[in-house]
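Asker: Need a 3D model of the following:
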Amino acid sequence: MYNANSVWARPSRASRRVYLHMIREYSAHDGQADILRERIDGRTGL
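Answerer: Residues are numbered from 1 along each chain as shown. Down below sits the predicted model:
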């Protein structure tokens, strides 16, 4: 049987660490891509 409370359960410490690592990696590469885009088209910001 499906338990709705398990969906809202707090993630384990290991999974939280993985999520934070993925967010940090994504934001670092996103910033690098933004710099390259600014160099190519000259626009800044969004």
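Asker: lowest-pLDDT helix or strand in this protein?
Answerer: Of all helical and strand segments in the chain, the minimum by mean pLDDT, DSSP states H and E falls on helix 4-7, at a mean of 67.
Asker: After that helix, which helix or strand is next?
Answerer: Counting by DSSP states H and E, the element after helix 4-7 in chain order, helix or strand, is helix 13-41.
Asker: just how off-centre is that following helix within its chain?
Answerer: 6 Å (C-alpha atoms, centre = their mean, to the nearest Å).
Asker: Any buried residues in it, and which?
Answerer: Within helix 13-41, no residue counts as buried by 16 or more other C-beta atoms under 10 Å. Every residue, glycine included, has its C-beta placed from N, CA and C.
Asker: Give the other helices and strands that that helix contacts.
Answerer: In terms of contacts (3 or more C-beta pairs under 8 Å, 6 or more residues apart in numbering; DSSP states H and E), helix 13-41 is not packed against any helix or strand.
Asker: pLDDT of it, averaged?
Answerer: The average pLDDT for helix 13-41 rounds to 85.
Asker: Let the chain start at 9 from now.
Answerer: Sure, I'll start numbering at 9, so the last one becomes helix 21-49.
Asker: For Gln40, give its distance to Arg32.
Answerer: 13 Å (C-beta to C-beta, to the nearest Å).
Asker: nope, Asp38 is what I meant
Answerer: From Asp38 over to Arg32 (counting by C-beta to C-beta), the distance is 11 Å.
Asker: so what's Asp49 up against?
Answerer: For Asp49, the contact set (C-beta atoms under 8 Å, 6 or more residues apart in numbering) is empty.
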